[in-house]
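Student: let me see the structure of the following:
(chains A and B, ligands or ions: 1)
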Amino acid sequence: MRSPTRRIALDLGALALIVFGLPWLTGPIGALITPPPANTEEAPAPTASDSTAPDSTPPAPDSAPLDEAPLDPPPGERAPLDHGDLFDAPPAPDAAPAARGDALGDDDLFGDGDPGPTSPDAPAESGDPLGDALFADPEPAPPSAPERTPARAQPDPTPDHPAPAGPDPLTLSRATLGSLLVGLLTAVVATLLGGLLGLISGYRGGLVERVAVRWFADGLDALPQFVVLVTAVALYRDLAGTEGDALLLAVGVLIGAVNSTQVLLVVHHQTRLIAARKYVIAARLMGWSALRVVRRKIVPHLRHELIIPFTQLVVWGLFVETALSYLGFGPSSTGSTLGAQLHRIDPFARPADLAPALVMCLLTVALAAALRDLGDAIEARLGEPEPPTTDAP
Amino acid sequence: MTATPPTVRVTGLSVAFDTPAGRRTVLDGLDLTVRPGECLAIVGPNGAGKTVLTNALLGRYNRAPGVHLGGHIQICGEDLLTLSPRALRRLRARHLAAIFQDFSHTLNPIRSIGGQLRQMQTLAGLAADPRTPLARVNFPVDSVGDRPHQLSQGMKQRALVALALANRPRLVIADEVTSALDVINQQVVFELITGERRQRPEMAVVFVCHDTRLVRQYADRVVVIDHGRVVEDGDPQRVTPAMGLRAVAAEQTADDDAPTLLDARGISKRFRAPFRRPRLVLRGLDLRIRHREHTALIGASGSGKTTLANLVTGVLPIDPREADTLTFDGASLIGLHRPDHPLRHRIQMVFQDPDAAIGSIDPRLTVEQVILEPRLAREPGAEEAGRRWVHQKLAAFGLADLADRRAAHLSGGQRQRVEILRAFHGLRPDRPTLMVADEPTSMLDPAFVGEVVDIFAALADEYDVTYLFITHSLELMRALCHRVAVMFDGELVEQAPVDRLTLDPLHPYARLLLRAGREQREADGDPELRRFTLPDTATGCPARAWCRSRTATCDAHRPRLQRFGDREVACHHPPRPRRTP
Ligand code: SF4
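Tutor: Predicted coordinates:
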């Protein structure tokens, strides 16, 4: 058995690796997954060159489908496949170097390992059918896609964010941190708000209890959380007019507020149980004020009840935010969370596009593990002194 | 008789448990025989393995993970430890009955009593006839279709005994059934079991109990277990009776014309809960306690004693509409539940402390901190003086080396003594005070009761304190109190000086209590005891269901307290009080 400190250190290491290291690995991993390495390497390559300068690329005006591509606000997303289709081999030699400098540094790594002119490998076309298949479905969609959320088009044309064929590692890293922040914010807000309301309603009872538990908690829980959140975020966005990172924080707080009911119910129930214990009654009979009784006799016995809900809420907040952003209801414009990244690459063209999702999966697993270990450690520290051992007279 | 095979034969039984700290052996080569028709009591100190033995007898450790069994148990001719689960279930259904400590959760809340009995009987291969077992325990036949929540506490208890005996068991195992019950109800359970034994003399009974009185009264044989072995096996009459407590109170004579300290008149308390009928727990009760006149409040469980204590100490808020008068030393007690009430530090409560984790001692604090806390609440900044008091008292009562321990590391007796000190440290030493003690000895091994009584006596000399003891313990009452108030169904039914009541109880409930306190066996049991129950209606006398002297008046009118010299009784036909000797 490892000591708790070491376990937590390992957990945090794993988390850091996921946040800061994984984004740089997704490219190569994605490339590995795709069967013909040569093709995938080529495919992204023209993308980059294509979107940075639609006019400069010679092959651009080649075909009808390609015409449509540059016009579209999010051309990059669909571009790779167009190219993959159209230029199997020819453009590879000149396009590849262009790609190197850009967003696809990850492909670089791969390219180095499997040096250059793999393009003749083309006969292994198995990658293309896949690409075709994926692409075939979304093709009717494009006209509607840009209208749905104009916001997502914004970052694309910026020069330093060239066509995000799979986000670049830095963006992805930042997005991961953003998601993590939302998760933590959710848990903190939910715990504070729910804890406070739960304590008051549990200790006071009566009308306060009815309002907090029956109306607030039960009422909120009776509504579909997602609908409530979508409405709340939209309202907030309209009223406060915020966008981007400020909205990100607001979304975290809102998710936390909506989920505070879980904590509220747990704390309420526990408070009622603890308040009926004899040592709490004894403290009341000593003439302690209600505030002091709650602070000194109830909260310390309640703290470890909060650990598990807290850890669950971090992960849950992360999930909900991702879902919101993916659907375009969150702070997707700046792309600073994983959900927003997923949102921007709508038709999943290549496995590398799924990088945010991969990060998301590993992040939640690592986070759950880290929080559980942390919870165990805290619980061991806080827990009741020791189980009753002796019964000696 | 010697030719019949024994109901139980345990040879070389050992039980060990895997614990994080290694294997712990609880029973170690235990031998035991129970003959048919025998009533065997198992006694022994805490942790001696009594409960483990009863569990093993019920086959609860068969194939249990982490439990190591050795030796043999033969029950009704079957080798218990090697039975298949199926055969074990059969054996249990046909021949065994268990009555557990936790009485209240054993009945199935969603089935009628009759239905549950029928199920038991069918499982045992008997004709399904719920009436016979119920009739044996004096359960009213018209309630056969009732579900548990419709029954009163006493009826539930009866139903449970009936349920346990429904399969006509050859062996009844009862583990500390009575420790959560008051004196009368303890007796009721044993009376019911004894009644069944009279019907079926072959039934054997094994019960675990630490009340020597019950052991002497009901057991044919007693086995003392210690360190996992039988250390003594003999005649129950040789068991040392409960320690005779020195009557401490007698030394402090109560002044007849001492001023009234607590004056409570017309106290009622109604508990309301959604979707339930409000429950009237106190019905206009009057109680007067004079200065330095230690009073015992005795009565059946559920008669409202604890509610009364909670009202007087301010644990529960007092509704001014539910109390005609409630004063202490001339000042009103209304609003005592608020922290800043002027009487806050003159009325304190000693809690009953059954459990280390949720008892009255904060499990996170050390003994010293626990006892210091109320002093600091009363006199902020008196840390030095408070600490000195704590250490002096701990030393005086033999607890000196416990100052740094926490509740989990104290024994029950030590916890109770710490609790008493804690409560006292919250009292002002300079004014007349009231200390309410809720069952301070009921969870203790009889051996430790004396220590607790000593603390109460010593502190009573030091403080200007008057005690109100809520207790089932007649010993405690005789040792410390001057007056006794008997409560039944939310009212006082008798109030008298302790020696008068012990010699000559007038109300039938007081008579029952006193009779339960005597340790002799009655030839054919006690018919009042076997019929005993709490009332379920408010009309008429609450005791009329079982009282011998009941008449038509008793059914129609609830009796009020009437004065007879220095005592009061609520009864239409009280026996004539004997002349004071
Ligand atoms: S009033 Fe009647 S029933 Fe009640 S105790 Fe007296 S004699 Fe018995």
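
Student: secondary structure class for residue A:16?
Tutor: helix (DSSP: H, G, I helix; E, B strand; the rest coil).

Student: apologies, that question was intended for residue B:128.
Tutor: Secondary structure for residue B:128, judged by three-state DSSP, is coil.

Student: can you get me a residue count around the closest residue in space to it that isn't next to it in sequence?
Tutor: Leaving aside its sequence neighbours, residue B:128 sits nearest to residue B:118 (Cβ to Cβ, 6 or more residues apart in numbering or on different chains; 4.1 Å). Every residue, glycine included, has its C-beta placed from N, CA and C. When neighbours are counted by other Cβ atoms under 10 Å in any protein chain shown, residue B:118 registers 19.

Student: wait, residue B:118 sits on residue B:127?
Tutor: No - applying Cβ atoms under 8 Å, one finds residue B:118 not in contact with residue B:127, separated by 9.6 Å.

Student: quick one: the residue nearest to residue B:128 from the ligand, how far?
Tutor: Applying Cβ to the nearest ligand atom, to the nearest Å, the value for residue B:118 to the ligand is 35 Å.

Student: try residue B:168
Tutor: Residue B:168 is 35 Å from the ligand, by Cβ to the nearest ligand atom.

Student: tell me the SS of that residue?
Tutor: coil.

Student: enumerate every residue touching it.
Tutor: With contact set as Cβ atoms under 8 Å, 6 or more residues apart in numbering or on different chains, residue B:168 has these partners: B:124, B:126, B:200, B:203.

Student: so which of the residues you listed are in helices?
Tutor: Per DSSP state H, helices hold no members of these.

Student: buried members of these into PyMOL, please.
Tutor: This is the PyMOL syntax for the buried subset of those, where burial follows 16 or more other Cβ atoms under 10 Å in any protein chain shown:
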select buried, chain B and resi 124+126+203
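
Student: need the max-distance pair from the contacts of residue B:168.
Tutor: Every pair in the contacts of residue B:168 was compared (Cβ to Cβ); the two farthest apart turn out to be B:126 and B:203, at 14.6 Å.

Student: give me the contact list for stretch B:141-148.
Tutor: With Cβ under 8 Å, 6+ apart, stretch B:141-148 has contacts from B:107-114, B:130-131, B:134-135, B:150-151, B:155-156, B:159.

Student: now do 10 Å
Tutor: Here stretch B:141-148 makes contact (Cβ atoms under 10 Å, 6 or more residues apart in numbering or on different chains) with B:104-118, B:130-131, B:134-135, B:139-140, B:150-152, B:155-156, B:158-160, B:536.

Student: from those residues, which land in helices?
Tutor: Among the contacts of stretch B:141-148, the residues falling in helices (DSSP H) are B:113-118, B:131, B:134-135, B:155-156, B:158-160.

Student: just the buried residues from the contacts of stretch B:141-148, in PyMOL please.
Tutor: Restricted to buried positions by 16+ other Cβ under 10 Å, the PyMOL selection for the contacts of stretch B:141-148 reads:
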select buried, chain B and resi 106+107+112+113+114+115+116+117+118+130+134+139+151+155+156+158+159+160
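
Student: picking that back up, dump the ones in helices among the contacts of stretch B:141-148 into JSON lines; add distance to residue B:481 and pLDDT as well.
Tutor: Below are those laid out as JSON lines (distance: Cβ to Cβ, whole Å; pLDDT from 0 to 100):
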{"residue": "B:113", "distance to residue B:481": "39", "pLDDT": "86"}
{"residue": "B:114", "distance to residue B:481": "44", "pLDDT": "87"}
{"residue": "B:115", "distance to residue B:481": "46", "pLDDT": "88"}
{"residue": "B:116", "distance to residue B:481": "42", "pLDDT": "88"}
{"residue": "B:117", "distance to residue B:481": "43", "pLDDT": "88"}
{"residue": "B:118", "distance to residue B:481": "48", "pLDDT": "89"}
{"residue": "B:131", "distance to residue B:481": "45", "pLDDT": "82"}
{"residue": "B:134", "distance to residue B:481": "39", "pLDDT": "82"}
{"residue": "B:135", "distance to residue B:481": "40", "pLDDT": "79"}
{"residue": "B:155", "distance to residue B:481": "32", "pLDDT": "75"}
{"residue": "B:156", "distance to residue B:481": "31", "pLDDT": "79"}
{"residue": "B:158", "distance to residue B:481": "32", "pLDDT": "80"}
{"residue": "B:159", "distance to residue B:481": "35", "pLDDT": "84"}
{"residue": "B:160", "distance to residue B:481": "33", "pLDDT": "84"}
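
Student: and of the residues you listed, the nearest to residue A:184?
Tutor: Distances from residue A:184 to those, taken by Cβ to Cβ, are shortest for residue B:156, at 51.4 Å.

Student: can you tell me, leaving aside adjacent residues, what's nearest to residue B:9?
Tutor: Residue B:9 sits nearest to residue B:74 (Cβ to Cβ, 6+ apart), 4.4 Å away.

Student: out of the contacts of residue B:168, which touch the ligand?
Tutor: Among those, proximity to the ligand is found for none (Cβ under 6 Å from any ligand atom).

Student: the contacts of residue B:168 in strands, which ones?
Tutor: In strands, defined here by DSSP state E, there are no members of those.

Student: so residue A:340 touches residue A:326, yeah?
Tutor: Yes - at 7.8 Å, residue A:340 counts as touching residue A:326 under the criterion of Cβ atoms under 10 Å.

Student: of those two, who's got more company?
Tutor: residue A:340 (30 against 22).

Student: A helix includes the more buried one, no?
Tutor: Yes - under three-state DSSP, residue A:340 sits within a helix.

Student: what distance do you get for it to residue A:360?
Tutor: Residue A:340 sits 12 Å away from residue A:360, going by Cβ to Cβ, to the nearest Å.

Student: joint contacts of these two?
Tutor: With Cβ under 10 Å, 6+ apart as the test, residue A:340 and residue A:360 both reach A:175, A:179, A:322, A:326.

Student: taking those residues one by one, which sit in helices?
Tutor: Those of the shared contacts of residue A:340 and residue A:360 lying in helices (DSSP H): A:175, A:179, A:322, A:326.

Student: which one (most neighbours) among those residues?
Tutor: Within those, residue A:179 tops the neighbour count with 31 neighbours, counted by other Cβ under 10 Å.

Student: name all residues that make contact with it.
Tutor: Residue A:179 neighbours (Cβ under 10 Å, 6+ apart): A:19, A:248, A:252, A:317-319, A:321-322, A:325, A:336-341, A:356, A:359-360, A:363-364, A:367.
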